[in-house]
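> please find the sequence and the predicted model below.
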Amino acid sequence: GGVGFIGYHVTRALLAGGAKVTVIDDFCAAPYPLEEKKRNEADLQKEFDEKLTIETASVDDRPKIAACFARAEAQGKISGVVHLAGLAGVRPSFNDPARYARVNMEGTSVMLEESRVRGVDRFLFASSSSVYGNSTPLPAHEDAPAVDPESPYAASKRGAELIALAIARRAPEMKITGMRFFTVYGPRQRPEMAISSFTRAAFAKQKITMFGDGSMSRDFTHVDDIVRGITLATEHAPKGFRIYNFGSGAPIRLDDLVRAIGIATKTTLEVEQAPVPLGDVDATFADITRAKEDLGWAPQIKLAHGLATVADWVRSRG
């Protein structure tokens with residue numbers, strides 16, 4: 001997943017820190033557009049070509065993944081795996097739940113088991129705040145029950161966590177770290193997500209569609225904070241299986257978000273309401289105590305500054 005949205009930023013940070021990186025991505029066209037992945041790939045190669053290897057494979061294809069690992073090992077010992085590949089999106093998961101289960105659950109098991117058999121001791125993987133659903137008390141803590149998913153996507157992410165927990169019992173010496181991301185945004189975000197789509201609409205003077213009456217709230221987290229969290233987890237996460245929330249800890253209502261985007265773009269957005277789609281949760285709100293205590297991590301990017309980075313990115317794209 002190294003040329004997707006979060007993957008691009010993590011890959012770039014690792015390369016800038018001096019690491020050699022092998023990216024594995026299947027270059028599929030959804031939900032993150034293929035042209036965006038190709039652009040990310042080209043930007044990374046232009047800046048870091050000598051330290052970067054890019055492989056094309058799907059994480060649920062064990063023979064191809066094994067071959068990718070073997071080629072990476074030929075360049076030196078693999079110090080860790082950051083598994084960000086997967087199918088994202090609550091709403092599209094209802095259209096193909098079997099594919100979501102295969103890629104997100106089987107893909108995680110393939111990547112983790114290949115890491116285990118090759119002696120890789122650090123394995124980090126992306127989960128989601130979606131696992132909490134509507135039934136978990138907020139702010140959501142990692143030890144709270146996450147047993148009532150609202151979508152196949154949420155179920156597949158929770159299933160991936162449980163698979164990792166089970167494999168960890170066989171490999172207690174490994175550091176297996178799950179990361180529950182809370183509504184990540186920033187430059188290069190998937191174009192259909194609220195912040196990027198609203199920002200484009202603002203500059204184009206188009207109406208935006210807001211689901212519900214604006215009272216739904218989300219814990220928006222800037223991608224730069226996510227990258228720092230991942231970096232700290234590679235350094236400080238303990239042995240065994242451990243889950244961390246990576247969120248801002250400061251949720252905002254959607255109608256307030258619309259106003260904030262208007263300020264960032266210096267426009268007034270015209271809003272039309274639509275019914276809340278199946279699978280959307282009422283609110284997300286991260287308890288980030290564990291990440292602070294274990295990793296020394298806390299979010300630094302305030303929403304106003306984060307929205308400005310998105311506005312600058314969209315403006316630069318014309």
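Great, that's in hand. Residues are numbered from 1 along each chain as shown.

> rest of the way, CA atoms for contacts and neighbours
Fine.

> so for stretch 212-221, mean pLDDT?
If you average the pLDDT over stretch 212-221, you get 97.

> residue contacts, the nearest residue in space to residue 222 that is not next to it in sequence?
Closest residue to residue 222 apart from its sequence neighbours, by CA to CA, 6 or more residues apart in numbering: residue 185 at 5.1 Å. Listed by CA atoms under 8 Å, 6 or more residues apart in numbering, the contact set of residue 185 reads 195-196, 220-223.

> from these, pick the one nearest residue 48.
Nearest to residue 48 out of the contacts of residue 185 is residue 223 (CA to CA; 20.3 Å).

> neighbours of the closest one, how many?
Residues near residue 223, counting by other CA atoms under 10 Å, number 24.

> from residue 185, how far out is it?
Distance of residue 223 to residue 185, given as CA to CA, to the nearest Å: 6 Å.

> if we can go back for a sec, out of the contacts of residue 185, which are inside helices?
195-196, 223 (DSSP state H).

> and whichever helix in the chain runs longest, what does it pack onto?
When the chain is parsed with DSSP H, its longest helix is helix 152-170. Packing partners of helix 152-170 (3 or more CA pairs under 8 Å, 6 or more residues apart in numbering; DSSP states H and E): helix 90-93, helix 97-100, helix 107-117, strand 122-128, strand 175-181, strand 240-246.

> please redo it, this time with the cut-off set to 6 Å
helix 90-93 (3 or more CA pairs under 6 Å, 6 or more residues apart in numbering; DSSP states H and E).

> per-residue confidence averaged over the helix it packs on?
So the average pLDDT for helix 90-93 ends up being 95.

> only C-alpha atoms, please: export it in CSV.
Written as CSV, here are the backbone C-alpha positions of helix 90-93 (Å, rounded to 0.1, in the frame of the first residue of the first chain):
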residue,chain,number,x,y,z
VAL,A,90,-17.6,1.9,4.3
ARG,A,91,-20.2,2.5,1.6
PRO,A,92,-18.6,0.5,-1.3
SER,A,93,-18.0,-2.4,1.0
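
> how about residues contacting that helix?
With CA atoms under 6 Å, 6 or more residues apart in numbering as the test, helix 90-93 has contacts from 152-153.

> would you mark the buried spots in it?
90, 92-93 (16 or more other CA atoms under 10 Å).

> same check on stretch 128-142?
Result for stretch 128-142 [16+ other CA under 10 Å]: buried residues 128-136, 139-142.
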